[in-house]
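Visitor: sequence and computational prediction follow.
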Amino acid sequence: MKKKEKVSQRKWLFIIFFGTFILSAIFNMLSTNLVNNIDNIVISFIILFIVMAIGICFDIIGTAVTAAEEVPFHAMASTKKKGAKESIMLIKNADRVANVCSDVIGDICGVISGAMGALIAASLIKLFDNISYSMITLLVTATITAFTVWFKGVFKQVAIKNCNKIIEFIGKVVYVFHKVK
């Protein structure tokens, strides 16, 4: 590896470390405060499912970008199709895009859903005081983990089979954000 590449890699790892730390702290604080201040257990579960869905969606993007092929997007870019250049950029930076989507955002959502699960378990214990804390916590966290892993497994296959369509869509989203800037 060239010296310039090593410096770039170290810089990237530094940015990822501190970016993850800051994002995790912000998202954890927001979701924890939100769940703590909601008395309705159903709404707490809805918020939990939203956090889980965000993690799963970003895992899909991370998987799709590593499986996508660049060639079809060059053809789209030659016809000035919106989002094609952005899709090429995503694919050329697949390692970093996958790292941010699957590892940073996906893992943050996984950790936050676990913390939210603990808060929900505490709320359930208040509702059903005759059930043991360890049993409720075990059931809630095991359910969250099982559903997250199951959905990621199901959608990983979808992401691989439909990688170019997914990256084309994400490229269009990125294109819109570039236009708004």
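Guide: Received the coordinates, thanks.

Visitor: show me what secondary structure element comes after the longest helix along the chain.
Guide: Taking DSSP state H as the criterion, the chain has its longest helix at helix 3-36. Where DSSP states H and E defines the elements, the next helix or strand beyond helix 3-36 is helix 41-67.

Visitor: elements contacting that following helix?
Guide: When contacts are defined as 3 or more Cβ pairs under 8 Å, 6 or more residues apart in numbering; DSSP states H and E, helix 41-67 sits against helix 3-36, helix 94-98, helix 106-127, helix 133-161, helix 163-180. All C-beta spots, glycine's among them, are computed from the backbone N, C-alpha and C.

Visitor: thinking again about what came up before, for the longest helix of the chain, packing partners?
Guide: By 3+ Cβ pairs under 8 Å, 6+ apart, helix 3-36 packs against helix 41-67, helix 106-127.

Visitor: and that helix, how far out from the chain's middle?
Guide: Here helix 3-36 is found 13 Å from its chain centre; the criterion is Cα atoms, centre = their mean, to the nearest Å.

Visitor: quick one: average pLDDT of it?
Guide: Average pLDDT, helix 3-36: 81.

Visitor: in it, what's buried?
Guide: For helix 3-36, the neighbour count (16 or more other Cβ atoms under 10 Å) marks 20, 24, 27, 31, 35 as buried.

Visitor: which non-adjacent residue is nearest the fourth one?
Guide: Spatial nearest neighbour of Ser31, excluding adjacent residues (Cβ to Cβ, 6 or more residues apart in numbering): Ile112 at 5.2 Å.

Visitor: doesn't Phe27 make contact with the one you found?
Guide: Yes - with contact defined as Cβ atoms under 8 Å, Ile112 reaches Phe27; the gap is 5.6 Å.
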